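Peer 1: got a predicted structure here, sequence first:
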Amino acid sequence: MNRKKYLKESIKVGGRDLTVETGKVAKQADGSVIIQYGDTMLLVTAVSNKTAKEGLDFFPLTVEYRESSYAAGRIPGNYFRREGRPSEKEVLTCRLIDRPVRPLFAEGYRFETQIVGSVISSDGENDPDVIALTGASCALYLSDIPFHNPIAGIRIGLIDGKYIINPTYDQRRESQLNLVVAGTEEAICMVECEALEVAESIMVEALMLAHKEIKRLCLWQTELGKALEITKREFSVMELDKHIVADVEKTWTDKLRAALDSTGREKIEVYAGLDALKKEVIESYPEDDPGARATAGKAFGKLKEKIFREDMLGNRRRPDGRRFSEIRPITCEVGWLPRVHGSSLFTRGETQAIVTTTLGTKMDGQFMDDLEKGTIDRRFMLHYNFPPYSVGEAGRFGGTSRRETGHGNLARRAIEAVLPDESEFPYTLRIVSDITESNGSSSMASVCGGILSLMDAGVPIKRPVAGVAMGLVMEGKQYAILSDIAGAEDHYGDMDFKVTGTSEGITALQMDIKVGGINAMILQEALEQARKGRLHILDIMQKAIETPREDISPYAPRIITMKIHPDKIRDVIGKGGSVIRSITEETGAKIDIDDDGTILIATHDGDAAQAAINRIKALTAEAEIGETYLGTVSRIVDFGAFVEIMPGLDGLLHISEIAEHRVKEVRDELQEGQQIMVKCIGKEGNKIKLSRKAILMEEKAKAKGGEE
């Protein structure tokens, strides 16, 4: 078969070779490639069943992506020492592949299809995610699966004003921009981005540069397909009965247009009316002709989309009557949950979120296995929950869905750019967004509500962030850019993109595009309209809370930072942790020590914190030259005495420094256990030199001065 022919070719991307090899591994899959960039390699496979699944009204595509620890020469750090359920990074990469691939299959394709990407070698420099995206396209395109339009993925960074194609992990840490773009030769299909308040014009330039590279990769895949002489499977979409489609359109258009008009009506009412009308349309055909009834139901759906697009482009009217740039009414409340550290209730139209912030210590951070670093400690977490009641449904509660993971990640990236440095605010931060109502972007509500809850919690963010979901409807040269899209506008539109940022620039961007022909001018116009919407939302948020609260909640832990010499860390920890454990038990404070000697003391009780500080100071205190101490003679030797000036800290009082006169026998002047005043007159490494003579001379001088 064609897919078993061997081929290995390379192309330069970002100054490095991208190599695709097929016909060597996993040859029983419909399509399989080994794709390599640097020393990072993936096996990506694609299989599509030969028999369609009956009764489905969607394309049954699944995408799996796995990062095996062995690829980086490591053993998993969990108890079982093997890979378990997908990590957040793996789930997000699955979505990264699924979103651009799914729309490129023919409408009506109902053959179960699965893409599996496996990282089999990791060089610690090149992120496998964009490689997996291009690899998925290669596996599909270089097979007999009817996937006719190759795609590719590119990452763009920005360092010192220069764009970088596929930056390494180290370069990304210095970059103002982390932009991932997927697209075909004709158009951009998908965008994921996080940024440090980047201007809209820079974002457009980066998108255009990414698409230029994507075109090269797509043309290259086309040439690979020709070299392998790929023949695609025959597939034809069953056409709907034209007579029934025409009849539905003629009979029901006016009623459907009226039902779609949501001006002054709630979503539940509109949806109920549409369901009732659809039932009426279906039942207008004979009960003994199920085929006609099924066709009528599908024709009804097609007519809904047609009316929506006609009204948008022809009549320049949105379903709810809003102007294209108009944001729905917004209300913001903060501090309304009495015992949490920070809270907000954000409502925009019929979308609502309860968002909370919890402050924790360093020990509350999230530790995760990571292909690049082995283990990472995440200081900031944002968890998004979408219960079924938020859309008026009863449903099953289970684990976090891929959608919830994706939405939470978008909101986290949007906010992360404005968080204070850990040295300035040494707390672990967790935001939870519980969506209580949804009709339009709940992820953007999570961003706005998250910022409000952070400010309510007293977190000194750099600037507030807001987000808005945008849409685009396009036919030929006609287009309409929509701000703050609702559910139907998202479903029937040609592009939906979510933009978050401050008053200064963009912090995150997510975009899914269903059509070609979107040029730089349209993108610039859409991003500018989004900027105006964002500023409008920021103004409303500022009325609820203008600046972060000056103090944190009384229910949040107080974290006090102190610094000791790294050599003293062992004194605070003690043998087997005995000392630090005793301090924790006695004071109730949580204590965390970094290798550089930074100590974080966390407690709700100020007295307990001070007690812990005093204990640590006593353990780590050092003598200062010129300072006077009340010490205790701990040991007498022939050449002097050792005096304990602090708990566990002794200095040498040499025989010559005991008195003003010459001392023959130390015991003639001092006894063990005797308390005396001494001055530190020198330090050599860990050795401390003390003088009693200096104290006596100073006292004598003072007495003489007083007499005069």
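Peer 2: Received, thanks. Since the model is a prediction, treat every value here as computed from it, not as a measurement.
Peer 1: so which strand or helix has Gly471?
Peer 2: Secondary structure from DSSP states H and E places Gly471 in strand 466-475.
Peer 1: show me what contacts Glu305?
Peer 2: By Cβ atoms under 8 Å, 6 or more residues apart in numbering, the contact set of Glu305 is Tyr492. For the C-beta atoms, the positions are set from N, CA and C on the backbone; glycine is no exception.
Peer 1: right, and Leu224 touches Lys8 too?
Peer 2: No - using Cβ atoms under 8 Å, Leu224 is not in contact with Lys8, being 10.0 Å away.
Peer 1: looking at those two, which is more packed in?
Peer 2: Leu224 (20 against 13; other Cβ atoms under 10 Å).
Peer 1: got a list of what the more buried one touches?
Peer 2: Shown in contact with Leu224 (Cβ under 8 Å, 6+ apart): 7, 9, 20, 138, 141-142.
Peer 1: max pairwise distance over those: which two?
Peer 2: The span of the contacts of Leu224, defined through Cβ to Cβ, is set by Glu9 and Tyr141 at 13.3 Å.
Peer 1: which one's more surrounded, the two?
Peer 2: More neighbours surround Tyr141 than the other of Glu9 and Tyr141, with 24 against 14 (other Cβ under 10 Å).
Peer 1: strand partners of the strand holding Gly471, parallel vs antiparallel please.
Peer 2: With DSSP bridges as the test, strand 466-475 is paired with strand 478-483 (antiparallel), strand 495-501 (antiparallel).
Peer 1: deepest in the core, which of the ones you listed is it.
Peer 2: Burial of those is given as mean neighbour count (mean count of other Cβ atoms under 10 Å); strand 495-501 ranks first at a mean of 25.
Peer 1: can you list the residues that contact the next helix-or-strand element following that strand?
Peer 2: Where DSSP H and E defines the elements, the next helix or strand beyond strand 495-501 is strand 506-513. Contact with strand 506-513 is made by 99-100, 179, 187-200, 203, 410, 413-418, 443, 447, 465, 467, 494-501, 527, as judged by Cβ under 8 Å, 6+ apart.
Peer 1: low-confidence ranges, the chain, go.
Peer 2: In the predicted model, the chain carries pLDDT under 70 at residues 1-3, 517, 705-708.
Peer 1: now with 50?
Peer 2: Flagging of the chain using pLDDT under 50 yields the residue ranges 1-3.
Peer 1: pull the CA atoms of the top strand by length along it into CSV?
Peer 2: In the chain, assigned by DSSP state E, the strand with the most residues is strand 40-52. Only the C-alpha atoms of strand 40-52 are listed here, as CSV (Å, rounded to 0.1, in the frame of the first residue of the first chain):
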residue,chain,number,x,y,z
THR,A,40,13.2,16.0,20.1
MET,A,41,11.4,13.2,18.3
LEU,A,42,7.7,12.1,18.2
LEU,A,43,5.8,9.1,16.7
VAL,A,44,2.5,10.4,15.4
THR,A,45,-0.1,8.0,14.0
ALA,A,46,-3.5,8.4,12.4
VAL,A,47,-6.2,5.7,12.0
SER,A,48,-9.7,6.2,10.5
ASN,A,49,-12.2,3.3,10.5
LYS,A,50,-13.5,2.1,7.2
THR,A,51,-17.1,1.9,8.5
ALA,A,52,-19.1,5.0,9.5
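Peer 1: quick revisit: name the residues contacting each of Leu224 and Lys8.
Peer 2: Taking Cβ under 8 Å, 6+ apart as the contact rule, Leu224 and Lys8 both touch Val20.
Peer 1: what residues are bridge-paired with the nearest residue to Leu209 once chain neighbours are set aside?
Peer 2: Nearest non-adjacent residue to Leu209, counting by Cβ to Cβ, 6 or more residues apart in numbering: Tyr163, 5.5 Å away. Taking DSSP bridges as the rule, Tyr163 bridges to Leu158.
Peer 1: would you confirm that Tyr163 contacts Ile156?
Peer 2: Yes - using Cβ under 8 Å, Tyr163 is in contact with Ile156, at 5.8 Å.
Peer 1: among the contacts of Leu224, which are in helices?
Peer 2: Under the assignment DSSP state H, those contribute 138, 141 to helices.
Peer 1: between the longest helix along the chain and strand 506-513, how many degrees?
Peer 2: Ranked by number of residues, the top helix in the chain under DSSP H is helix 200-228. Relative orientation of helix 200-228 versus strand 506-513 (axes from the mean of the first three to the mean of the last three Cα atoms, to 10 degrees): 40 degrees.
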